[in-house]
Structure formats: C-alpha cells, structure tokens
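# Provided below for reference: sequence and predicted model.
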Amino acid sequence: MTNVVVIGAGLGGVSAAFELKQRLPADCQVMVINERPDFQFVPSNPWVALGERTTDEISLPLDTYLGKRDIAFSAAGVSTIDAQNKELTLGDGSKQHYDYLVICTGPKLNFDAIPGSGPHQFTQSICTASHAEKAYEAYQQLKQEPGPVIVGAFQGASCFGPGYEYLFSLDSALRAAKIRQKVPLLFVTSEPYIGHMGLGGVGDSKGLMEHECRKRDIKWICNAKTVKVDDGVMHVEELNRKGEVELTHELPFKMSMMLPPFIGTPAVAAVPELCNDKGFVITDKYQRSVSYPEIYAAGVCVALPPMESTPVPVGVPKTGFMIESMTTAIVDNILHALNDEPPQTVPSLNAICLADMGDKGAAFVALPQNPPRNANWTSMGKWVHLAKIAFEKYFMYKVRRGTSEPIYEKYVLGAVGVHRTEKKDQ
C-alpha cells in the first residue's frame, strides 16, 4: 500500500488531500497532519478582525470532513522529518512512514525579526484567526479611545493584499461608526510604491491604490524599514531608490496592524538540503523537491525568487489560484511516479487576488504572475466585494463536500470574466 502524507490543512493542504483521494488508486492511503483540529479560511481573517465574521463561522472540523472521504487525520503536528528514511515524528511522539510527502505547511510568522512587533508585543496581525480575534479586541478599544492607526507590511513581507484589504475595510468601518475624523490612518509598507503587491504592480494598481488612499485621506510611507516598535511608537527608516536612509520617522499610534515577514516552519526548515536559507522548500518546475524526489510542496512554503530587486526586501505572494494549480500538478506527478513515469505537469503560476474594502473591493489579475503577462489588470467595484463573499462560501462548501473542484478556476475567474464582458458591452 502506498502512503501519501500531506502536512498542513489550509487552502493547499485540503485541496491536495481531496484531489489525491479522488484520483489516486484505491489502495493508496492518504493522511493529513495539521497543528490544529480545524480548517480555517484564512482569506476571511480581515473580516474577523473587524467583527464581520467569527472564528467559528470560518472554521470546520477536519476530522469530520476528511473522515467522510476516508482520509486519515492527526492534529498532532510534525516535529521532525527524516527525509532519508521517509519517516515523520509527530508532536505526540508517534511515527508515520510515507512513500510520498506533500508539504503545505504555510509559513512561520517571523515577528522576531522586528523588535516589539506582533500580537504578543505592540502590533496586531491578521495572519491567523487567533491573531484576528485579538486585532478585533484592539479595534473595539480603538472605538472607545480613538487615535492614530498604522497599517502595513514589514520588510520581508510577501503577502500585501490583506494589508490593503484591512486598511480600506477599517476606513469603511470607522466611517460607519462616525469616528473616522478622530482616527488618522497611515499605511507603512516595504513596497517601493503603493500597489506594488510584491508583483511589480498589476495593471494600474499603483494609480488605483494611490487614488483610493487620497480619496479616503490615507497617508503612506513606502520603502519603509521598521527598526523597532515601542508601545505607541513605530521607528521607521524610509529608504531612497539606492537603498540609503533618506528619512527617519517616529510614528505614534493607538493601534497598528502590520503584516510580518515569513520564514519556513521549523520542522521543514531543519531538513538538510530541502530548503533555502529562509526555510522555504526548493522545488523544480514540477513542484518536486530537487533533493528528495518523493517530496512535493505547494503554497506559501515554496521558495520563489523576488519579482525584482527593491530598496527594501519584498517577497512574492502565493495566491489561492496559484496554490490550486500547484496541488493539481503535484497529484498529476505523483500519479506519473506511481506508473514509473517521469513528472510531466507544470503548474500555471497565475496570481489572482480579491481584496474586500468594506463598501467595494479590488481585483488583481496577473496571468502569469511573472511578466510579460497575457493578462495584467486591476479593477474595483462592488462586484469584487460580492465575489469574495461567494468565494468564501464556495470554498467552505468545497471542504464540506470533500471535492477537488478547482474553486478559483471555476468561480473566481468566472466572476472576473463576467465583469469584463459586462464592461465591454457597456
């Protein structure tokens, strides 16, 4: 019997597990190992941080829905990976052999890189549901005691969409509460310009994002390197195009939400010759480890080079569409391996991001992610807000059904296509 183990149960992990179970021969055993017992729909975390969702509303018990598809599950996590002997040590001390390993662990949040940062210190985060819950508590306190707010992304961050999403949604929520005039908003980002997104810009994202900030009276600082964060004060160096410190800032805040840099999870990063110096898995074009042909990886844990050199380090995002494409390629190539065939399927590394803004939304489409692109555009409107709500519902439905249906390709691209067709007809 062939054992295929998936580590991690986020967007990539559950997609991989369901597709493996559906497409692999019946005598193959599929197992998922995660660090918690529930699936959490991470793209909804900005809503949790503003009280528009609860953690229960964006979570599902994994043992229930994986069990319905005869997929084994453990919430013990993985403490070590013995890649030479194809054996995992779980957090409870038990051992698990694998023939093929699919790593979908996501990242470790590296708050330690910026002194004073993180929910345990002086800044909030929306990277996990528990962090979003704490950010909501901070938001409730802000409404009682209004003051300056800083939102943004630290140096080394690679996921900027949620930062913009939280910024504009917070602005909308403050206006609805009729206290926006008491809360100056400042966006502090490591990006070289507003709307860079770690992608070198998408369509006219720079112009559209700058326009939206001006319209909402939101100030910004780009090429920002945060030196440290004290209680109520963020110390920031603003670099010029040569990477030299041009200005220094001591920025007061009542509340701050800053996206952290990512590094690899400890168990994955510790495997010799598996990862780069930041702990991200080095893969070939087939999503297979270059050192261990029986190990595959998808999602944020995969090493992708920066889009371009920037004065402050900026990482590359991995969006849901890209992750789904990676997991499908992995399943294809494991099937080829089972048939003693070389890998053949290469994922289409496309970037699609739907960012809610409270009263509307912004869609970023880069096909493929790296230029030159076949599609390269950004658009705003109420339709994006509705599309993101629909995406959340469809993906939760996907988990409940245990289907490998490609949600991004079928629904998100469908919504984008309908919108563009309607605009053309107008």
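Received it, and whenever you're ready, just let me know what you need. No experiment lies behind these values; they were computed from the predicted model shown.
# For the protein, give me the ranges with low pLDDT.
Within the chain, the stretches with pLDDT under 70 are 406-426.
# Tell me how it divides into domains.
Domain ranges of the chain: 2-107+263-345, 111-261, per automatic domain parsing.
# Turn the ones you listed into a markdown table, including distance to V365 and mean neighbour count.
C-betas here are computed from N, CA, C, even on glycine. Converted to a markdown table, those look like this (distance: least, CB to CB, whole Å; neighbours: other CB atoms under 10 Å):
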| stretch | distance to V365 | mean neighbour count |
| --- | --- | --- |
| domain 2-107+263-345 | 9 | 20 |
| domain 111-261 | 7 | 19 |
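# among the ones you listed, which is nearest N374?
domain 111-261 (12.6 Å; CB to CB).
# Please, where are all the helices along the stretch 151-300 of the chain?
With helices called from DSSP state H, counting those that start in this stretch, the stretch 151-300 of the chain shows them at 161-176, 205-215, 266-269.
# got the contact list for S59?
38-41, 129 (CB atoms under 8 Å, 6 or more residues apart in numbering).
# 7 Å instead?
By CB atoms under 7 Å, 6 or more residues apart in numbering, S59 lies in contact with 38-40, 129.
# and what of D284?
D284 makes contact with V290, according to CB under 7 Å, 6+ apart.
# Next one: it from G13, what distance?
As for D284, its distance to G13 is 21 Å (criterion: CB to CB, to the nearest Å).
# same deal with P25?
P25 sits 21 Å away from G13, going by CB to CB.
# In this structure H131 contacts H120, no?
No. Using CB atoms under 7 Å, H131 is not in contact with H120; the gap is 10.0 Å.
# so I33 makes contact with V78?
Yes. Here I33 reaches V78: they are 5.6 Å apart, a contact under CB under 7 Å.
# overlap in contacts of those two?
7, 90.
# Off-centre distance for stretch 36-55?
In terms of CA atoms, centre = their mean, to the nearest Å, the gap separating the centre of stretch 36-55 from the centre of its chain is 13 Å.
# scratch that, stretch 374-390
17 Å.
# And it, what's buried?
Across stretch 374-390, burial judged by 16 or more other CB atoms under 10 Å covers 376-380, 383-385, 387-388, 390.
# Which of these fall in strands?
Residues of these located in strands (DSSP state E): 376-380.
# Identify the farthest-apart pair in these.
N376 and M380 (15.8 Å).
# And K215, how far from R400?
Distance from K215 to R400, by CB to CB: 39 Å.
# from what I can see Y296 touches Q287, true?
Yes. Using CB under 7 Å, Y296 makes contact with Q287 at a distance of 5.1 Å.
# Now for C301: which residues touch it?
103-107, 264-265, 268, 280-281 are the contacts of C301 under CB under 7 Å, 6+ apart.
# run the last query once more with 6 Å
Counting by CB atoms under 6 Å, 6 or more residues apart in numbering, C301 touches 103, 105, 281.
# Identify the residue nearest the last one in space, chain neighbours excluded?
Nearest residue to V281, sequence neighbours excluded (CB to CB, 6 or more residues apart in numbering): A297, at 3.8 Å.
# try the first one
Of all residues beyond its chain neighbours, the one nearest I103 is A297 (4.2 Å), with distances taken as CB to CB, 6+ apart.
# just the second one next, same as before
Leaving out its chain neighbours, the residue that sits closest to T105 by CB to CB, 6+ apart is G8, at 4.2 Å.
# Run a quick check on that neighbour versus P107, I expect a contact.
No. Judged on CB atoms under 6 Å, G8 makes no contact with P107 at a distance of 10.4 Å.
# Could you work out the end-to-end span of stretch 77-97 for me?
14 Å (CA to CA, to the nearest Å).
# what ranges do the strands span in the stretch 51-200 of the chain?
59-61, 72-74, 78-82, 87-90, 95-97, 100-103, 108-109, 149-153, 185-189 (DSSP state E, counting those that start in this stretch).
# closest one to L208 among those strands?
Checked against CB to CB, the stretch from the strands of the stretch 51-200 of the chain lying closest is strand 185-189, at 14.3 Å.
# same for that closest one, what does it pack against?
If contacts are counted by 3 or more CB pairs under 6 Å, 6 or more residues apart in numbering; DSSP states H and E, strand 185-189 sits against strand 149-153, strand 218-221.
# is it possible to export these to JSON lines including distance to A72?
Shown next, in JSON lines, are the helices and strands packed on strand 185-189 (distance: least, CB to CB, whole Å):
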{"stretch": "strand 149-153", "distance to A72": "37"}
{"stretch": "strand 218-221", "distance to A72": "48"}
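# how about these, which one is nearest E324?
strand 149-153 (24.3 Å).
# Parallel or antiparallel, list what pairs with the closest one.
The strands beside strand 149-153 in its sheet (DSSP bridges) come out as strand 185-189 (parallel), strand 255-259 (parallel).
# The residue nearest to T105 and E52: what is the separation?
26 Å.
# just A9 next, same as before
24 Å.
# With Q124 instead?
Q124 is 16 Å from E52, by CB to CB.
# same thing with R288?
40 Å.
# Please apply the same query to T189.
From T189 over to E52 (counting by CB to CB), the distance is 24 Å.
# which helices and strands does the strand or helix carrying N3 pack with?
Element membership for N3, per DSSP states H and E: strand 2-7. If contacts are counted by 3+ CB pairs under 6 Å, 6+ apart, strand 2-7 sits against helix 11-23, strand 28-33, strand 100-103.
# Adding distance to L88, write these out as CSV.
As requested, the helices and strands packed on strand 2-7 are exported to CSV (distance: least, CB to CB, whole Å):
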stretch, distance to L88
helix 11-23, 14
strand 28-33, 7
strand 100-103, 8
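# and of the ones you listed, who's closest to G67?
strand 28-33 (10.5 Å).
# List the pairing partners of the closest one within its sheet, with orientation.
Counting by DSSP bridges, strand 28-33 is paired with strand 2-7 (parallel), strand 72-74 (parallel).
# As TSV, those strands with distance to E405 would be great.
Formatted as TSV, the strands paired with strand 28-33 follow (distance: least, CB to CB, whole Å):
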stretch	distance to E405
strand 2-7	18
strand 72-74	21
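# nearest to F154, of the ones you listed?
Of these, nearest to F154 by CB to CB is strand 2-7, at 26.3 Å.
# Quick one: residues in contact with the closest one.
Residues contacting strand 2-7 (CB under 6 Å, 6+ apart): 13, 16-17, 20, 28-33, 78, 98-103, 105.
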